[in-house]
Every structure is written in C-alpha cells, then in structure tokens.
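**Q** build the 3D model from these lines:
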Amino acid sequence: MRRGVCGTCRAKLVTGTVTMDENYALEQDELDKGYVLTCQSHPTSKEVTVDFDV
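**A** Sure thing, here's the model as predicted:
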C-alpha cells in the first residue's frame, strides 16, 4: 500500500509544526516552502494552521 501519493490534500503550513508519515507527492522545494500533505500530517505543536488556498 502506498500512502501520500496523490497530493490532493497539499496545504501550506502557516503556523505550528507537523510530522508526515509518508510523502510520495511533494518535491523537496515544496517541503522547503512549508507545504505538507494534510492526510499524512500529525501535529507536533499545540496549534497548527494550514492554508489550502495558497
């Protein structure tokens, strides 16, 4: 089973921190800009804000 492949749930992490279980959809430059796959992300800070419209 492959998870985190399609990228449909891609969003920009605005505040907070997360860890992703899997990532087969985002390139390194997207990660460097703060994009995450929300279906694979788990918060590692008290609050997290993401923007799906960026």
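**Q** tell me, how many residues neighbour the nearest residue to residue 10 once chain neighbours are set aside?
**A** Leaving aside its chain neighbours, residue 10 sits nearest to residue 35 (5.7 Å; criterion: CB to CB, 6 or more residues apart in numbering). Bear in mind the C-beta positions are built from the backbone N, C-alpha and C, glycine included. The tally of other residues near residue 35 (other CB atoms under 10 Å) stands at 21.
**Q** ok, now residue 50?
**A** Around residue 50 there are 19 residues (other CB under 10 Å).
**Q** looks like it contacts residue 13 (just checking).
**A** Yes: using CB atoms under 8 Å, residue 50 is in contact with residue 13, at 5.7 Å.
**Q** where does pLDDT dip in this structure?
**A** Scanning the chain for pLDDT under 70 picks out the ranges 1.
**Q** where do the helices sit along it?
**A** 28-32 (DSSP state H).
**Q** pull the longest strand from it.
**A** Ordering each strand of the chain by length in residues (DSSP state E) puts strand 10-15 first.
**Q** next, the contact list for the closest residue to residue 45 other than its chain neighbours, please.
**A** The shortest distance from residue 45 to any non-neighbouring residue, by CB to CB, 6+ apart, is to residue 16 (4.1 Å). Residue 16 sits next to 43-49 when contact means CB atoms under 8 Å, 6 or more residues apart in numbering.
**Q** one more pass at 6 Å, please.
**A** 45, 47-48 (CB atoms under 6 Å, 6 or more residues apart in numbering).
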